[in-house]
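>>> Any chance you can model this:
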Amino acid sequence: MGRPSPGFVRAIARLTGWRRLGLAWLAGALGALAMPPFGVLPALAVSLSVAVWLMDGAAADRTALRRVRPCFLLGWAWGFGYLTAGLWWLGQAFLVEADEFLWALPLGVVGLPFALGFFYGAGFGAAGLLWARGPARIAALAFGIGAAEWLRGHLFTGFPWNTLGMALAQNLWLMQGAAAIGLYGLTILAVLICAAPATLATGSHPRSRFGPSAAAAIVLIGLTLYGAARVGPPDPVVTGVRLRLVQPNLPQDAKFRPENRADIVDRYIELSQRPTEAGAPEPTHIVWPESAFPFLIQRDPDALAKVAAGLKPGQQLMTGAARAEEPLPGERLRYFNAVMVIGPDGVISDAYDKVHLVPFGEYLPAPIDAALRALGLRQFVAIPGGFSAGTLAAQRILTVPGLPPVAATICYEAIFTHAILPATAASVPRPPGLILNVTNDAWFGDTPGPRQHLAQARLRAVEEGLPLIRDANTGISAVIDAHGRIVAQTELDTETWLDADLPARIVGGTLYGQFGDAAFALMLAACLGGALTARRRS
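Numbers count the residues shown, from 1 in each chain. Predicted coordinates:
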């Protein structure tokens, strides 16, 4: 870009056709190593630097509009590689009941990344319109990828798994920035920091050559110092509360068999009643994971009475459970994936119905569901038409005796930055005091999936300034304080229980909890403004 570049950089920029797309795919796949459980941040730096050099070639000697197509294809290939390498573990879910779902494995392992790659294609295409010589092209790429990641997390129900900001959200100090700018703000920083080294090989002047990397280092150091100062001493705990998280480690292929109902309930009760350590207080609140029962406990008085009998006086149970609702005349019975609050009197005192369902996993549009069943096929959840979505997000706030207001999330709802209601929500009379996340990651076995899920749920605690209670069927279950510190956690694929105190919320909340993605929008606008200014000058 104005000075003699190393031969390998010139060779990368000159690639065309399938060679360009192939290298972009490999670069994207390398970038996935920056995600949990690996957390290799330099891998994303190499990945995005290669992307910048490929963009230099795709945008060279073309008018702005003629750049869109080659940059779009380049971005699609990069995103396809990144998501294939980061989400390959989704294939494990299709092997749980391989006799029914093996046919769909390529759709999950290859088809989903293939489709989601179009978001990155759009982002790289937008960056191509802004591309100019010099350091400002890093801002153009940050704008394109930042906007693409936000759209990926919101359009078509959203799927923000492994958003690039997670590259900075695995270190306790670095993740503290999310309290102010959220996951998408961290995504802008991740691209600016990790793409900056590309200018070391292409700068025409010492300032444009070394300036971006120096600025990236300053931002990274500043983010670290901010995080170190923010973390501080351990958070205080809520008095009078002792949690017990039950992790039964039930195999997925046995979990939903009705003939196992009695054994499953007995296992939950036995783990809940295990004696505490010497001198430790008795649990006041017990948590069971998502879809704890292979039947509708609300319609089984005997089972409900058995569960209630397993609770000691004053104890409260928060459990995942399917719930049915009587239909209106002419409608079918509706099922909900719910969290229920059950007391020792056997009364279900409150419940939350999952609002953000998993497409193709928990529901299908009626015509698609009917077509699959006509072919002898079905979705993962064997309910005609799937689950129905909860109608009001305000129902997320559960009232549990002895606890602050509980913001409930079920399974992958916890990966959405907008899942937790802000303290300023008019429909919430009292701000939540903790986040409850019940989940069942047994579908994905011992793969990166459960670890990525935990990491993303953990970031919600930092964003909102709320402690997180996470109970998973096979793990990883954990209690996380409002600064993202893991107070206690279990091992994956282990039958166990976890006793812990409840950390307190951050008084006054966080900037992100109050203003949401406002800071991200300002950062996105700043990147756009910088790229446009450089483009005009060019």
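>>> give me the low-pLDDT residue ranges for the protein?
Within the chain, the set of residues satisfying pLDDT under 70 comprises 1-4, 61, 203-204, 253-257, 328, 330, 364-385, 392-394, 421-430.
>>> Now do the strands in it.
237-247, 285-288, 316-325, 334-342, 348-353, 397-398, 406-410, 434-439, 468-472, 478-480, 486-489, 496-503 (DSSP state E).
>>> Just the buried positions in the first one, please.
So that's strand 237-247. 237-238, 241-247 (16 or more other C-beta atoms under 10 Å). Using the backbone N, CA and C atoms, a C-beta is placed for each residue, glycine as well.
>>> Could you export the strands of the chain as TSV, including distance to residue 525?
Conversion of the strands of the chain to TSV gives the following (distance: least, C-beta to C-beta, whole Å):
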stretch	distance to residue 525
strand 237-247	40
strand 285-288	42
strand 316-325	41
strand 334-342	38
strand 348-353	36
strand 397-398	33
strand 406-410	30
strand 434-439	30
strand 468-472	31
strand 478-480	32
strand 486-489	35
strand 496-503	36
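>>> who wins for proximity to residue 64 among those?
Proximity to residue 64 (C-beta to C-beta) singles out strand 406-410 among the strands of the chain, at 42.7 Å.
>>> Note down every partner strand of the closest one and its orientation.
Looking at strand 406-410 with DSSP bridges, its paired strands and their directions are strand 397-398 (antiparallel), strand 434-439 (parallel).
>>> Now mean neighbour count too, for these, in TSV please.
TSV is the format used below for the strands paired with strand 406-410 (neighbours: other C-beta atoms under 10 Å):
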stretch	mean neighbour count
strand 397-398	20
strand 434-439	28
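>>> mind checking which of those is nearest residue 475?
Within the strands paired with strand 406-410, the stretch nearest residue 475 is strand 434-439; the backing value is 9.9 Å (C-beta to C-beta).
>>> what separates that closest one from the chain centre, distance-wise?
How far strand 434-439 lies from its chain's middle: 13 Å, per C-alpha atoms, centre = their mean, to the nearest Å.
>>> now could you export just the CA positions of it as CSV?
Written as CSV, here are the backbone C-alpha positions of strand 434-439 (Å, rounded to 0.1, in the frame of the first residue of the first chain):
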residue,chain,number,x,y,z
LEU,A,434,-29.4,-12.3,39.8
ILE,A,435,-29.5,-14.2,36.6
LEU,A,436,-30.6,-17.9,36.6
ASN,A,437,-29.6,-20.0,33.6
VAL,A,438,-30.8,-23.6,33.4
THR,A,439,-29.6,-25.6,30.5
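>>> nearest residue to the residue nearest the centre of the chain other than its sequence neighbours?
In the chain, the C-alpha closest to the average C-alpha coordinate belongs to residue 415, at a distance of 2.7 Å (C-alpha atoms, centre = their mean). Residue nearest to residue 415 in three dimensions, not counting chain neighbours: residue 456, with 4.4 Å by C-beta to C-beta, 6 or more residues apart in numbering.
>>> Next, count neighbours for the one you found.
Summarising burial for residue 456: neighbours were counted as other C-beta atoms under 10 Å, giving 23.
>>> How about residue 220?
Look at residue 220: counted by other C-beta under 10 Å, it has 18 neighbours.
>>> Contacts only, for it.
With contact taken as C-beta atoms under 8 Å, 6 or more residues apart in numbering, residue 220 is in contact with 174, 193.
>>> before we move on, back to that, state the distance from the residue nearest to residue 415 to residue 267.
The span separating residue 456 from residue 267 equals 28 Å under the rule C-beta to C-beta, to the nearest Å.
>>> again, but for residue 455
In this structure, residue 455 lies at 28 Å from residue 267, with C-beta to C-beta as the measure.
>>> Skipping its backbone neighbours, what lies nearest residue 84 in space?
residue 113 (4.4 Å).
>>> Go through the longest helix anywhere in the chain and flag the buried ones.
In the chain, ranked by residue count with DSSP state H as the criterion, the top helix is helix 206-231. Within helix 206-231, the residues that qualify as buried by neighbour count (16+ other C-beta under 10 Å) are 208-209, 211-213, 216, 220, 223, 226-227, 230-231.
>>> residue boundaries of the helices in the stretch 251-400 of the chain?
All helices of the stretch 251-400 of the chain, identified by DSSP state H, counting those that start in this stretch, fall at 252-255, 261-272, 301-309, 366-374.
>>> Sorry, wrong one. I was asking about the stretch 1-150 of the chain.
Across the stretch 1-150 of the chain, reading from the start of the chain, the helices by DSSP H, counting those that start in this stretch fall at 7-13, 17-31, 41-58, 64-87, 91-96, 98-101, 105-106, 112-130, 136-152.
>>> what helices or strands is the shortest one leaning on?
Spelled out, it's helix 105-106. Based on contacts counted as 3 or more C-beta pairs under 8 Å, 6 or more residues apart in numbering; DSSP states H and E, the elements that helix 105-106 packs against are helix 91-96.
>>> what do you get for the last one?
Helix 136-152 sits against helix 41-58, helix 64-87, helix 112-130, helix 178-195, helix 518-537, with contacts defined as 3+ C-beta pairs under 8 Å, 6+ apart.
>>> if we can go back for a sec, how about CSV for the strands paired with strand 406-410, with distance to residue 142 added?
Supplementary listing: the strands paired with strand 406-410 in CSV, determined by distance: least, C-beta to C-beta, whole Å:
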stretch, distance to residue 142
strand 397-398, 36
strand 434-439, 29
